[in-house]
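Participant: here's my sequence, what's the structure:
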Amino acid sequence: MRRTDTQKDKKGDKWLEETWGTYSPQIYNLCRMNCASREDALDVFQNVALRFCQHAKAVEYTDSIYPWLFRVFRNCFYDYARFRQKLSPFSMISDNAVDYMALPVESSVFYKAGNQKNDELRRAVASLSKRDRELIDMTFHKGLTTEELSTLYKVSFSAIVKRRHSAIKRAKEVLLG
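Facilitator: Numbers count the residues shown, from 1 in each chain. As a prediction, the model looks like this:
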C-alpha cells in the first residue's frame, strides 16, 4: 500500500525522525563496512542523512523505505570512491611535476638538488628517532590515517596523536634552531 504525501505530512517531522531512527544503524553499518576509515564512513553516512532529509517529502514509499535508502547509500559510496580515486599523495605530485614545468627544472620548488628547504626538512626529520621518522613517513608520505596507524602499531588513537604531535614539535625545534 502506497502512502501519499498528505499522509506523510499528517505525521509531520515525526515520520522523518522515526524512519531515520529505524534505518540509520543499518546504513551506518554499511558505511563502516565499505569505507576505508571511520572518518570516511562518517562522511558517507552524513551524505546519506543529508540526501534523506532533502528528498524525504518527494519519496513514494511503501512500508519499507530501506531499498530507497540503500540506493542513496550506494550512490553516496560511489561518489566517495570516485573522490578517493582522484586523490594522490603529494610525494607523487612532486615526482611528476618536473615533466610539466614551463620553466627550467632548477627554478622549480620541487627541485631537490639545491633546494635549501628540502635540505632543512631532511635534517629536521633525520634528527628524530627511528620510531618518530617512521610515524612521520607513514602519515605524510604514505597517507595512513590515525586510526590505521593505531591499528598498525597496536596502540590507542590518542597515543598516535600524541606521538605525532611531539615528533612534529621536536622537528620544528630543530628547524627553528
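
Participant: tell me the buried residues in the helix or strand hosting Gln54?
Facilitator: According to DSSP states H and E, Gln54 maps onto helix 38-55. Neighbour counts over helix 38-55 (16 or more other Cβ atoms under 10 Å) mark 40-41, 43-45, 47-49, 52 as buried. C-beta here means a position set from N, CA and C on the backbone, and glycine is covered the same way.

Participant: could you report the pLDDT at the residue most central in space within the chain?
Facilitator: Per Cα atoms, centre = their mean, the C-alpha nearest to the average position across the chain is that of Asp40, at 4.5 Å. pLDDT recorded at Asp40 is 88.

Participant: setting aside sequence neighbours, what's the nearest residue to Asp40?
Facilitator: Leaving aside its chain neighbours, Asp40 sits nearest to Tyr80 (6.4 Å; criterion: Cβ to Cβ, 6 or more residues apart in numbering).

Participant: from Cys35, how far off is that neighbour?
Facilitator: 7 Å (Cβ to Cβ, to the nearest Å).

Participant: same question, Tyr153
Facilitator: 21 Å.

Participant: more neighbours: those two, which one.
Facilitator: Cys35 (19 against 15; other Cβ atoms under 10 Å).

Participant: contacting residues for the more buried one?
Facilitator: 41, 43-44, 77, 80 (Cβ atoms under 8 Å, 6 or more residues apart in numbering).

Participant: return the member of these nearest to Ala159.
Facilitator: Ala41 (21.9 Å; Cβ to Cβ).

Participant: mind listing what the closest one touches?
Facilitator: Contacts of Ala41 (Cβ under 8 Å, 6+ apart): 28, 31-32, 34-35.

Participant: quick one on the thing from earlier: between Tyr80 and Cys35, what contacts are shared?
Facilitator: Among the neighbours of Tyr80, those also in contact with Cys35 (Cβ under 8 Å, 6+ apart) are 43-44.

Participant: in space, what's closest to Ala171 - neighbours in sequence excluded?
Facilitator: Per Cβ to Cβ, 6+ apart, closest to Ala171 is Ala124, 4.3 Å.

Participant: hang on, the one you found packs against Lys169?
Facilitator: No - at 11.1 Å, Ala124 and Lys169 do not qualify as touching, with contact defined as Cβ atoms under 8 Å.

Participant: break down the chain into its helices, ranges please.
Facilitator: Ranges of helices in the chain, per DSSP state H, are 5-11, 13-34, 38-55, 66-86, 90-97, 116-126, 130-136, 146-153, 157-176.

Participant: what's the fourth one in contact with?
Facilitator: Contacts to helix 66-86, defined as Cβ under 8 Å, 6+ apart, come from residues 23, 26-27, 30-31, 34-36, 40, 43-44, 47-48, 51-52, 59, 61.

Participant: show me how far that helix is from its chain's centre.
Facilitator: Centroid displacement of helix 66-86 relative to its chain, using Cα atoms, centre = their mean, to the nearest Å, is 14 Å.
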